[in-house]
Structure formats: C-alpha cells, structure tokens
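Visitor: what follows is a predicted structure for the sequence shown.
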Amino acid sequence: MPWKLLSQKFLVNLQGWEDCIQKLITIVICLAEGRSFDSVAYRAPCDRVDEMPLGHTVGVDWLYEKVCSCLIEDKVGIIGLYGTGGVGKTTVMKKINNEFLKTKHQFGVVIWVSVSKQASVRTTQEVIRNKLQIPDGMWQGRTEDERAREIFNILKKKRFVLLLDDVWQRLDLSEIGVPTLPDDQHKSKVIITTRFMRICSEMEVQATFKVNCLTREEALTLFLKKVGEDTLSSHADIPILAEMMAERCKGLPLALVTVGRAMANRITPQEWEQAIQELEKFPSEISGMEDQLFNVLKLSYDSLRDDITKSCFVYFSAFPKEYEIRNDELIEHWIGEGFFDGKDIYEARRRGHKIIEDLRSSCLLEESDGFKELIRMHDVIRDMALWIGQECGKKMNKILVCESLGHVEAERVTSWKEAERISLWGWNIEKLPETPDCSNLRTLFVRECIQLKTFPRGFFQFMPLVRVLDLSATHCLTELPDGIDRLTNLEYINLSMTQVKELPIEIMKLTKLRCLLLDGMLPLIIPPHLISGLSSLQLFSMYDGNALSAFRTTLLEELESIEAMDELSLSFRSVAALNKLLSSYKLQRCIRRLSINDCRDLLLLELSSISLNYLETLVVFNCLQLEEMKMSMEKQGGKGLEQSYDTPNPQLIARSNQHFRSLRDVKIWSCPKLLNLTWLIYAACLQSLSVQSCESMKEVISIDYVTSRTQHASIFTRLTSLVLGGMPMLESIYQGALLFPSLEIISVINCPRLRRLPIDSNSAAKSLKKIEGDLTWWGRLEWKDESVEETFTNYFSPQYLADPIQHSGEVQGKKKLVVEGSTSRAAT
C-alpha cells in the first residue's frame, strides 16, 4: 500500500515533526485535487551542498576569508563580489561553496544558481525549487507569485546560503521567494557575483568586495601552472620568457589561463619570443584569445546602455597601454568627436561623467591609484576594446596606435589609407611622411613626440574628414604646418604644452572648430580677430603658462563676442585683464578654471558667487599684496542682480545650491599678506583645498564668523583633501569641530602654531585614510580627550618637507606632488 511506503520514506528522511507535517499537508492537497503524490513520497534526500568542479586556485584566499567573516556577521545578509570579466569571481564563489563541504557550519542548505545574462525570476525559481525538492504537485501550473510563496514558506524556516553567480541585472529577491535579509532568527545569507558595481547597490548589498587582478607573483604562479613543467624545462630561456609573457597579462586570470594554455606546447625560445611580440601588437592572433577571452569580455561591452557609451569605451583604445588620463580631458575628446552633438558643453560634460561612471561600474575603466580624477583601462580590456574597434579583428587598420617608431616609414603609411583613427606616441618619433593618403581619417593624435620638431609641408593635404587633432606635449613643435586650413571639418585642436609661438591666421577658415586648447604654453601670438572669427567655438582654454597680461584684454573682448561660447579656462597675470573678466557677466558665466598668478598690485579679490556659478577650479599664486578675498552674494531684486556682503548661513547656501555650486578645487599659494579664507563657507561643494606659504594667515575661517551647530554641520561636507603648508602664524582652521563626512587626507607641514584640528570623535568617521604632518607638530597637538587622540593617531603618517611649494601652476601629464606623500596632485 502506498501509505506504508510513504511512511518508510518519511522515517528515513525525517528532520523533525515540522518537516513531516509540511509533507503530509502537501499530500492531502494533492489527494484533494486528484493528483498523484508519488514524487512527494519517493523523492530521495538531497545533499545540503552540491560540490562544484574547481581546479587549482591562486590568490583567492584573502577574499574567501573576507566573505567568511561576513557569514558570521549578523548585520550582513547580502554579500556582493564584483569585478571585470575573467577576474575570478566564479572561482571565488566555487571555493566558498565547496568549503561548506569541508568545514562545520550551521546552514541547512547551500543553493547554487548560475544566473547568467538571460536569467529571469522564473529560471532562478526553477533552480531553487529543484534544490529544495518542491514536488510537482506544488509547482506545475503555478504562477511566479505562487511559486515564490512556496519557496518563501520553506526558506523562512531554514538557515540557508543562496549563491547567485554571474548576475547581470537586478534580481528582486522577494519576487523569487527569498525572505528579507538580514534576518535575526536564522541568519541566512545571499552571496552574488557580478561584473557591475551598480548591481551591488541595486540589490541592497550590505558588504561589497571588489575582486581584483592577481599580484605579479600570483599571476606568474597561475601562468606557469597552465604552461606546464615539461614546456618550462624544455629550454633554460623559457622560464624567463614565461615571466615576461605573464607580466603582459596584467594579473587577469582568464588571460593568464588562456595564454598559458596556448603556450603549453611551445618548446623553443623563438616561438616564445614571437608570441610575446604577437601579444604586444596583435593579441587576437594568439590561440584562444578571441573565443576564450575577448568574446567573454565583450559581453560587458554588449551590455552597455547605448551606442554612444559603446563608442566612448572603444575610443579609449586610441591611447597607449597603461595610459592614465584625466576625466575632463577624455570627455573633451569625446566632445570633439561629436559624440554629444546638439548639447552645450556643460550638458556634454555631465553626460561624459555619467558614461565614465557607467564604464567604471561595469569594471571596464578603473580609477588611478590614489587619484580619483585620473582613469585608466586594464591592458587586456584595452586590447579587447581595440579588437572591437577593428571590427573584431576584421579591419586591423581601422584604428592604428603606434608608439616610438622613430621614422614613420613609407611602407607603414600604406595602412593609413584605411585608418579612421591614428595615434602616434613616443619620445623617438622624429619624422612623419610627406603627404600620407588618409581619406578616411577622423582622429589624429601626435602626442608626447618630444623629438618631433616639424610637420612636412603637405602632411594635411589628404585628410578631408579629420575632426580631432591632438598635438599636445609634442614639446619641440614650434609652428603649425602649412595646410592646416585644409582640415575644414576640424572641431577639436589641442596644442597644449607645445612650443608653438603663433597661431596661423589660416585657422580662421576652420568654421566648425568647437574646442581650442592652448594650456601650458609660452606666450602665444594670436592675430587680431582670429578668435572672434571662430563662430562655432564653444570651449577655449589658455590655462597655466600663457597668462593674460594687460596687453591681452582685446582677446577677452573677442571671446565675449562669440555667441556659441560655453566654457573658458584662463590664467591672468594682470589686474587690468582680471578686472575686464570680472566686469563681464558673460565671461564669468563661462569660466570653469581660473588661475591668477603674479598679480603684484592686487589688494582685494572680489568674486561673484552667482556669475561664477560654473567655476570649478581656482588657483591664486604669488599675489604678494593680496590682503583679502571677498565674495559678493548677488540676490535677485527689483533691479536685477543686487550685491550683498552679508554672511548667510552656510546651511542655507548648501540648500539653495546657488552659490559656487561647481567649485571643487581651490589652491592659494604664496600670498604672504592674506589673512583668512572665510569666504570658503560659501563653497558648499568644495572637494580639495590647498593653502601654502601664506605667512600672515592666522586662521582659515575667521574666528569672528558666527558659529552654531547647524553651521558646523554644513561646512566642508564634501571636502576630501586638506593641505596646509608653510604658514608659521596659522593657529586655527575653524573654531569648533566639523563633521568632515568626506575627508580622506589631512596634510599639515610647517605650521608649528596650529595646535588644534577641528575634529572630534564624529569627524570623518567613515572616510579618513591619512593624516600627514611633522612628528613634532603631531606630538604638540591638543585634543578634546584621549579617546579622540587615540582614534586619529591610527591615521597619522610622519612627513617632512622644508619647502612645500613646488611650482606656480598646474601642468598636464604627470603631476608634481605639492606635499610629499600626499595623494593630491595638481589637476589641469
């Protein structure tokens, strides 16, 4: 009789009366509906954990330990692991899963779900159902909501671990049937892996860990394991060559495995040397690179939100490997390429920053170490981007990146006819071809070619489609070549950090030019009416080096006359020129970066808080007579904008978002008569502040400024870096403790009278990384109590620097550090 067999099965698999009653209820329902309950009665018991196939692992132990610590943390219910494709997320997850078989634990069931790109709630429910052995009678013909209730009713009574591997989009765990986590009773856990940082936020992960590439030693270990001992021992040179090849994979496990397998049977040094060259120049020609590596990585590219984002990603392949670039510089190139046509510069920048965030979230771009304003692309990701840009290897000449070629020979130039982007870099590029045929070319970089002195006369003759021309940091270039006026489609020119002495009048013919960048140059001759003739010009930058003097005020008038102008970056070395700027509402409205250098007659600097609403960077250097910086707070009145010098509550400033809403970076250097910087209370979004060699300054924010608790809470809330140096009279930064919720770095050098920092036990509680300063100064600091001192002592790092000032302005490329050991660099 079936009941007897049923009873026997139940006795074998009995896990308490609760499970027994649940199954009996299921049978009664099946009988009532006239359905068979054989699947309930005879289903074999299920293992708590299913072992996953896992090969040799390298470099995952530290992350495994991190996850294990979260498994016993009551406040953590959902754990997220994110990282680029092929970095080893699934390997870590398999190790976590399999370790449950080897160690004692209190979890009743461990469920593995390979989610994948095509996953849905229904398919995820199916996997969980099979693991929980929910009978057909309780499943077939049910809606997703009904199935979710079945899963929920079982899981809410268990202590479970749900492993969701390879999540591509947000999964609503409640729709699947997963109970709300964390839960106090069973302390169940969900662990997800994903390529996208944003998925961790969208799924309300409580503990997030980035899966990084392997260290150099770990990478070599994995690579040698895949190559095999027989190959390594076949010739004495091969282990050395293997190390070189492993280094080129930059720690990405999937690349190490793919290349290692491809080299497993190559037993001569000549084969290895050839393969190293292929990996450097033509990586897709290595066996398995396209199918096993690039196509896997390309899934992240395919998931990007739109074609513009995809184009922006591929564009990065025009830069050399390991190249780090400022966010703003990259966005300016995108603007020049026309990716954001129809938008003004500010909207284009906003869109560009959003795309960079999307690419970072997808682990296709990454932040530079210690410097958030620089980004880079992993070498293997960059190889994949170049492969995509070359139509998956079908048009290898579509994007050409050439480094350190010496003379560009004629045979190389034959491929230029097919190219849409050509990127030439390198210190030993000395000579270019005479009249290359580049009929398809749209982008030309000739950058950092420090030995290149001139262009051939007919170089631009056959480049009708070029819209981006970047010659920056080609230091020996003294003049633009004849024929530049032939580039009638040009929209972007960058001559920054060249030695070009004069802009040719022919540039007036470039009627489509939108971006003209002239940063870090020596005094430049600009013919009259040239700039005003560029009617499409939206972005003009003459910053750091080529400062506006009293004789250059006509240039400001020409810039003011351009109706399309959206953005200016300017340096001033003249009070007369500066006053011209400050008397023009239109010019102030366009200013993004403002540098004031060597204005020796400047006594008072009065800036408009609303007219300069787009100002992001302010540098004041070597203004020896400057005594006061003053902000005029315009307000809308019956007669338009009316000036007021009353000091408003900074909390109101932050809420209104009207005053200096864009100001992020302020540097005040070598202003020996300046007494304070109280106006900074207006800069609600300030992120970086560097004040150095202001010998008379006793306080950063004046003690006369009326303070209250609400005002404390609204000052410097976005500040991440505070650098103070060479100020012997400085006694106070601010009276009272500030929250500093974003502060990461405090650096104080040669400020012996500064005895108290504006911090307490609540300051920078989750953000602080380092406090730098002289050891003697640190020992003399006064603290509210010992607990505060003990807390911040853990962040202290002794630094020594006799003269904190390094240079007067900002340079492009690699930056000098203002304070030794500081992570702040001069941003251009």
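Guide: Cool, the structure landed.
Visitor: average pLDDT for the helix or strand hosting Trp778?
Guide: For Trp778, the host element (DSSP states H and E) is helix 775-780. Averaging pLDDT along helix 775-780 yields 93.
Visitor: for that helix, buried residues please.
Guide: For helix 775-780, a neighbour-count test (16 or more other C-beta atoms under 10 Å) marks 777-778 as buried. In short, each C-beta sits where N, CA and C put it, glycine included.
Visitor: can you tell me which helices and strands it packs against?
Guide: The contact analysis (3 or more C-beta pairs under 8 Å, 6 or more residues apart in numbering; DSSP states H and E) places helix 775-780 against strand 796-798.
Visitor: neighbours around Glu217, how many?
Guide: Using other C-beta atoms under 10 Å, Glu217 has 9 other residues around it.
Visitor: that one belongs to a strand?
Guide: No: checked against DSSP: H, G, I helix; E, B strand; the rest coil, Glu217 lies outside a strand; its state is helix.
Visitor: one step back: run the chain-centre distance for the helix holding Trp778.
Guide: Mean-position distance between helix 775-780 and its chain equals 36 Å (C-alpha atoms, centre = their mean, to the nearest Å).
Visitor: can you tell me what sits against stretch 54-67?
Guide: 79, 81, 88, 91-92, 94-96, 98-99, 191, 209, 211, 214-215, 218, 221-222, 225, 253 (C-beta atoms under 8 Å, 6 or more residues apart in numbering).
Visitor: repeat for stretch 268-282
Guide: 234-235, 237-238, 241-242, 244-245, 248, 259, 262-263, 266, 285-286, 396.
Visitor: from these, pick the one nearest Lys156.
Guide: Closest approach to Lys156 among the contacts of stretch 268-282 (C-beta to C-beta): Val259, at 47.6 Å.
Visitor: helix, strand, or coil at that closest one?
Guide: The assignment at Val259 comes out as helix when based on three-state DSSP.
Visitor: and the nearest residue to Ile505 once chain neighbours are set aside, how far from Ile507?
Guide: Sequence neighbours aside, Pro527 is the residue nearest to Ile505 in space, at 4.9 Å (criterion: C-beta to C-beta, 6 or more residues apart in numbering). Pro527 is 9 Å from Ile507, where distance means C-beta to C-beta, to the nearest Å.
Visitor: who's more crowded, the two?
Guide: The neighbour comparison of Pro527 against Ile507 (other C-beta under 10 Å) goes to Ile507, with 21 against 14.
Visitor: tell me the pLDDT of the closest residue in space to the more buried one that isn't next to it in sequence.
Guide: For Ile507, ignoring the flanking residues on the chain, the nearest one in space by C-beta to C-beta, 6+ apart is Leu530 at 6.2 Å. If you check Leu530, the pLDDT there is 96.
Visitor: low-confidence ranges, the stretch 451-600 of the chain, go.
Guide: The stretch 451-600 of the chain contains residues with pLDDT under 70 at 550-551.
Visitor: which residues of it fall in strands?
Guide: Secondary structure of the stretch 451-600 of the chain, counting by DSSP state E, counting those that start in this stretch: strands at 468-470, 492-494, 515-517, 539-542, 567-572, 591-597.
Visitor: just the stretch 201-350 of the chain next, same as before
Guide: Assigned by DSSP E, counting those that start in this stretch, the strands in the stretch 201-350 of the chain fall at 207-210, 325-326.
Visitor: okay if I get these as CSV plus mean neighbour count and distance to Gln140?
Guide: Converted to CSV, the strands of the stretch 201-350 of the chain look like this (neighbours: other C-beta atoms under 10 Å; distance: least, C-beta to C-beta, whole Å):
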stretch, mean neighbour count, distance to Gln140
strand 207-210, 18, 38
strand 325-326, 18, 56
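Visitor: in CSV, list these along with mean pLDDT.
Guide: Conversion of the strands of the stretch 201-350 of the chain to CSV gives the following (pLDDT from 0 to 100):
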stretch, mean pLDDT
strand 207-210, 95
strand 325-326, 94
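Visitor: which of those sits closest to Glu144?
Guide: Glu144 lies closest to strand 207-210 among those, at 28.2 Å (C-beta to C-beta).
Visitor: tell me the strands beside the closest one, with direction?
Guide: Paired strands of strand 207-210, with direction, are strand 78-82 (parallel) (DSSP bridges).
Visitor: now Met629: phi and psi?
Guide: With angles defined as degrees, to the nearest 10, Met629 sits at phi -110, psi 130.
Visitor: so what's the residue count around it?
Guide: For Met629, the neighbour count with other C-beta under 10 Å is 22.
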